[in-house]
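Chemist: Below is the structure, and that's it, no one-letter string:
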C-alpha cells in the first residue's frame with residue numbers, strides 16, 4: 001500500500017509540474033501561438049467583435065502562414081513578464097524601445113497609432129503651432145499615459161492646464177458637457193470612447209499636428225524556440241494581407257482610418 005501511495009504521489013507531482021507555465025514549443029502537433037495583451041479598445045478587447053481590429057489583423061497574419069492562435073487578455077505588466085520569460089509566445093500592441101530588444105523580436109509595424117489632441121468643432125480651431133498656443137485650454141489626460149516628450153514636459157512644468165482621469169470615457173463626457181476643451185491621447189481610443197458612449201463622433205475634430213505617432217508591433221519572445229522563424233512568418237503573413245487587400249478590408253470593417 002505504501003509503494004502504491006508513493007507512486008501515486010509521484011505521478012500527481014509530475015502532472016503538477018507539467019501544468020506549470022513553461023516555454024511552450026511550436027511544433028508539428030499544431031501548438032497554437034499563444035498571444036497576450038491588456039484590453040485596449042478599440043485595438044484589442046474581449047468585449048469587441050473579433051476582439052478588436054488589432055486582434056483580427058494579428059490572427060489573420062498568422063493564419064495566412066498556417067499558424068493557429070489563442071489570444072489572452074491579462075494586465076500589461078504580467079503580459080510583458082510572461083512573454084519575456086517565454087511562458088507565452090507573443091505580445092501584441094508593443095511600441096518599439098531599444099531596452100526591449102533584448103527580450104522581444106519586433107515584427108514589422110502592424111498599425112500606426114496617432115497620439116493627438118481632440119476637440120469639439122465648436123472650439124473653433126483645428127490646428128496649433130506650438131504647445132504654448134494651448135495654455136488657455138483645459139486638457140484631459142490619462143493617468144500614467146505618455147503622450148509625447150514635449151507635451152509631457154509641458155505638463156510637468158505646469159505650462160498646460162490638465163485634468164487627469166484613469167480613462168478617456170471620463171474625458172469624453174466632460175468634453176461634451178463643456179467642462180474640458182481638449183483631450184490628449186491615442187486618437188483611435190478617444191474616438192472609440194465617444195462612439196461607445198453614444199456621442200456624435202462627427203462633432204469631434206483632431207488638431208494638427210499630431211503630438212506623436214507610434215508604430216504598433218507584435219513582439220515574439222526570444223526565450224522560445226524558433227522565435228525568429230515565427231516573427232518572419234508573421235511578417236510574411238502581414239505582407240500578404242496588405243497585398244491581397246484583406247488588411248484594408250479588416251480596418252474598414254471596424255471603421256478604422258475612415
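Modeler: Structure received. A quick note: this is a predicted structure, and the numbers were derived from the prediction, not measured. Numbering: from 1, shown residues only.

Chemist: what are the bridge partners for residue 111, then?
Modeler: residue 216 (DSSP bridges).

Chemist: could you list every residue that touches it?
Modeler: Contact analysis of residue 111 by CB atoms under 8 Å, 6 or more residues apart in numbering lists 43, 53, 54, 57, 215, 216. Quick note: C-beta positions are derived from backbone N, CA and C, even for glycine.

Chemist: Next: residue 230.
Modeler: Residues near residue 230 by CB under 8 Å, 6+ apart: 26, 33, 67, 89, 90, 220, 224.

Chemist: Could you dump those into JSON lines and include distance to residue 83?
Modeler: Converted to JSON lines, those look like this (distance: CB to CB, whole Å):
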{"residue": "26", "distance to residue 83": "14"}
{"residue": "33", "distance to residue 83": "11"}
{"residue": "67", "distance to residue 83": "16"}
{"residue": "89", "distance to residue 83": "7"}
{"residue": "90", "distance to residue 83": "7"}
{"residue": "220", "distance to residue 83": "8"}
{"residue": "224", "distance to residue 83": "9"}
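
Chemist: Okay, and which of those residues map to strands?
Modeler: 33, 90, 220 (DSSP state E).

Chemist: Let me know the average pLDDT across the helix or strand where residue 248 lies.
Modeler: Assigned by DSSP states H and E, residue 248 falls within helix 246-253. For helix 246-253, mean pLDDT is 95.

Chemist: Show me what that helix is packed against.
Modeler: With contacts taken as 3 or more CB pairs under 8 Å, 6 or more residues apart in numbering; DSSP states H and E, helix 246-253 sits against helix 53-64, helix 227-244.

Chemist: Please identify the deepest-packed of these.
Modeler: Of all the helices and strands packed on helix 246-253, helix 53-64 has the most neighbours on average by mean count of other CB atoms under 10 Å, namely a mean of 23.

Chemist: Next, the angle helix 246-253 makes with that one.
Modeler: If you take axes from the mean of the first three to the mean of the last three CA atoms, to 10 degrees, helix 53-64 sits at 150 degrees to helix 246-253.

Chemist: Quick check: what element follows helix 53-64 along the chain?
Modeler: Next element after helix 53-64 (DSSP H and E): strand 69-73.

Chemist: and whatever helix or strand comes next after that next one, how far out from the chain's middle?
Modeler: Note on strand 69-73: by DSSP H and E, the next helix or strand toward the C-terminus is helix 76-85. Centroid separation for helix 76-85 versus its chain: 14 Å, with CA atoms, centre = their mean, to the nearest Å.

Chemist: Please apply the same query to stretch 48-63.
Modeler: Mean-position distance between stretch 48-63 and its chain equals 12 Å (CA atoms, centre = their mean).

Chemist: so is residue 109 in a helix, a strand, or just coil?
Modeler: Classification of residue 109 using DSSP: H, G, I helix; E, B strand; the rest coil returns coil.

Chemist: mind listing what it touches?
Modeler: 215, 216, 217.
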